[in-house]
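>>> Sequence and computational prediction follow.
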Amino acid sequence: MSLISATRPGAKRNAASPRPLTEPPPRSPAAPRAVFTAWIAVVLVVVLFSGGLFGYDQGVISGALAGIKSTFALSPLIVEVVTSWVTLGALLGALAGGELADNIGRRRAVLIAGSLFTVGAAIQAFAPDAAILVVGRLVIGAGVGVAAVAAPLYAAELAPASWRGRFVSAYQLAITVGIFLAYLIDGWLSANADWRIMLGAAAVPGLLLFFVALVAPESPRWLMKKQRRADAAREMQKIAPAGDDVEANLDEIASALNHESSRGTWSEVFHRDWRRPLMIGLGLAIFQQVTGINAIIYYADQIFGAAGFATEASRTTATTWAIGAVNVLSTLIAIAFIDHLGRRKLLLAGLLGMGVSLIVVGAAFQFIAMPAPVGAAAASAGPSAAGVVTLLGLVTFIVSFAFSLGPVVWTVINEIFPGRIRGRAVAICTAVNWGSAFLVSQFFLSLVAAIGSSATFWLFAAFSVIGWVWVYIYVPETKGQSLEQIQGIWKGLRKRPSSPESSRI
Ligand code: BGC
């Protein structure tokens, strides 16, 4: 039975056939009611600060570049390096983050991310020359990478099962708030080109993250993996609602870890048993980026410039509100619905909206020149009709991304792998996500120069369509299931030798 036929409306299914992966499982009767305790609040603060710093450090550079260029008289190549090496640092940080999260624990990995954020921000703020500034960019990038692996992992393992989607989405919400705050601060400080303050400001929340992570609970799942049941019970006690059976919860974790008490090797991550979740994690990580989100986040100013937003102020306003604020608000939709509607519905609806809006933006760019014209001629023109269509198209794109691929990708990546290989597998997916982000942000302008803006946006649209079909076929519904139950999905697939789907993994 293929997954497609399993989901086709009206398809007959006899009582004995397994539940299609695209349908949510019946709610476990034993699922405890989640209660928002003080410790759960601490977990949430760790998640929010990690995401916020991730977003801030990603968004802030757009407004800082002008001041940096005039301080150091940089060549275009170094400008690109200063902009994009945060993503390289993040790629390396993500790979190291998996090792750290598995070896020293999720909480301590977040501690290290907090230190890197603080040190990186300080290096950037006091950089005497461009070389040191690039070092600061790499260090902060490493912090972003470590946090990008450790914080959602931490959220997924410490949140009550029925809130897991919301917690990981809260991480995404914090990323968008960080980007928005960065755009706002850039706007306020741009008049004086205070780039040192823009970049250095991240040290303050970095330090706060460090101190909160010092007292935050460690993941009981990680402690169980390290065979520290007593410590796991103590930490579980902190986050479990009063009256919850902590020992029974630990037993469930223990039986999932089962003979998996030691840590999986790298070759196990790529073992055929886990090929399916790895394929899903990598696919989601790649589709999140190749559909163009960061081309828009990083180059929004230029796109709006080309669309006729001729003054600096009008571009900053469009970027801050149409991209930054809309991104934040739409992520709230995901938080409200991810644990009710499920991951698949949000992904499919979002990819559809992204595909359609990208086609529209591509069509509008038939009437617009990119890169943006500069100088007096441009300053006199207001946004054309095509410019307004572009603005609406981009807003629709951001809305569609923010309630779907933005949060859902991180949620799914953090819940599909068995505990034994979770740290490393999440790290690989995160690194591939950063690698894809690096390629897209590095080559967006060259692509526009080579094939034109319309074709570039249509290329992103084509990836959205391919992504839709791929999600429809391969991504199972995981809402409301414990991390242990999700492992049953892959086991179920392996036990269906006659299934064309299972024979492919
Ligand atoms: C992505 C980032 C992106 C952000 C935008 C995240 O989920 O991983 O690359 O910049 O969403 O909100």
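Right, received. Where do you want to start?
>>> What secondary structure category should be reported for the closest residue to the ligand within the stretch 1-150 of the chain?
For the stretch 1-150 of the chain, the residue positioned closest to the ligand under Cβ to the nearest ligand atom is Q58, at a distance of 5.6 Å. C-beta: built from backbone N, CA, C; applies to glycine. At Q58, secondary structure determined by DSSP: H, G, I helix; E, B strand; the rest coil is helix.
>>> What's the local residue count around it?
Counted by other Cβ atoms under 10 Å, the residues lying close to Q58 total 24.
>>> Same question for T311.
For T311, the tally of surrounding residues (other Cβ under 10 Å) stands at 12.
>>> How about R272?
By other Cβ under 10 Å, the residues close to R272 number 9.
>>> dump the residue contacts of A121.
A121 is in contact with G136, I140, L199, G200, A201, A202, A203, G206, counting by Cβ atoms under 8 Å, 6 or more residues apart in numbering.
>>> Just among these, which is most surrounded?
By neighbour count, taken as other Cβ under 10 Å, the most surrounded of the contacts of A121 turns out to be I140 (33 neighbours).
>>> May I ask you to confirm that L282 is in contact with A427?
No. L282 is beyond contact range of A427, at 11.9 Å (criterion: Cβ atoms under 8 Å).
>>> okay, these two: which has more neighbours?
Each of L282 and A427 has its neighbours counted (other Cβ under 10 Å); A427 has more, 27 against 17.
>>> distance of that one from V269?
Taking Cβ to Cβ, to the nearest Å as the measure, A427 and V269 are separated by 9 Å.
>>> just E415 next, same as before
E415 sits at a distance of 16 Å from V269 (criterion: Cβ to Cβ).
>>> In terms of packing, which of these two has more residues around it?
The residue with more neighbours, out of E415 and V269, is E415; 26 against 19, by other Cβ under 10 Å.
>>> That one and I104, how far apart?
Using Cβ to Cβ, one gets 22 Å for the distance from E415 to I104.
>>> Then V82?
The value you get for V82 to I104, if Cβ to Cβ is used, is 31 Å.
>>> Between those two, tell me which one has more neighbours.
Between V82 and I104, V82 has the larger neighbour count (other Cβ under 10 Å), namely 22 against 13.
>>> Verify the stated contact: that one with A130.
Yes. Under the contact definition of Cβ under 8 Å, V82 touches A130, with a separation of 7.0 Å.
>>> Near the ligand, which residues of the chain are found?
If contacts are counted using Cβ under 6 Å from any ligand atom, the residues of the chain sitting beside the ligand are 58, 172, 175-176, 179, 288, 293-294, 297, 327, 406, 433, 437.
>>> from those residues, which has minimum pLDDT?
The lowest pLDDT within the residues of the chain next to the ligand belongs to Q58, with 81.
>>> Once you drop chain neighbours, what's closest to it?
Taking Cβ to Cβ, 6 or more residues apart in numbering, and ignoring the residues beside it in sequence, Q58 has I179 as its nearest neighbour in space, at 6.2 Å.
>>> swap in T316?
Of all residues not flanking T316 in the chain, G187 sits nearest, at 4.8 Å (Cβ to Cβ, 6+ apart).
>>> so where does the one you found fall, helix or strand?
In this structure, G187 is located in helix 164-189 according to DSSP states H and E.
>>> what packs against that helix?
Under the contact criterion of 3 or more Cβ pairs under 8 Å, 6 or more residues apart in numbering; DSSP states H and E, helix 164-189 touches helix 38-59, helix 61-72, helix 130-158, helix 195-200, helix 312-317, helix 326-341, helix 405-413.
>>> buried ones in that helix?
Residues of helix 164-189 classed as buried by neighbour count (16 or more other Cβ atoms under 10 Å): 164-187, 189.
>>> Then stretch 396-413?
Within stretch 396-413, the residues that count as buried by 16+ other Cβ under 10 Å are 396-413.
>>> Then stretch 462-480?
For stretch 462-480, a neighbour-count test (16+ other Cβ under 10 Å) marks 462-468, 470-472, 474-480 as buried.
>>> longest helix in the protein, by residue count?
Taking DSSP state H as the criterion, the chain has its longest helix at helix 419-451.
>>> Going along the chain from that helix, find the next helix or strand for me.
Next in sequence after helix 419-451, counting helices and strands by DSSP H and E, comes helix 453-474.
>>> so what secondary structure elements neighbour that next one?
Taking 3+ Cβ pairs under 8 Å, 6+ apart as contact, the helices and strands that helix 453-474 lies on are helix 3-7, helix 275-290, helix 293-306, helix 343-364, helix 419-451.
>>> of those, which approaches L391 most closely?
Using Cβ to Cβ as the criterion, the shortest distance between L391 and the helices and strands packed on helix 453-474 is 7.3 Å, found for helix 293-306.
>>> by contact count, what packs against that closest one?
Under the contact definition 3+ Cβ pairs under 8 Å, 6+ apart, helix 293-306 sits against helix 38-59, helix 61-72, helix 312-317, helix 385-402, helix 419-451, helix 453-474.
>>> quick one: pLDDT of G10?
Confidence at G10, expressed as pLDDT, is 33.
>>> let me redo that: L91
You'll see L91 listed with a pLDDT of 90.
>>> where's it, which helix or strand?
Using DSSP H and E, L91 maps to helix 76-103.
>>> what helices or strands is that helix leaning on?
Secondary elements touching helix 76-103 (3+ Cβ pairs under 8 Å, 6+ apart): helix 61-72, helix 106-125, helix 130-158, helix 419-451.
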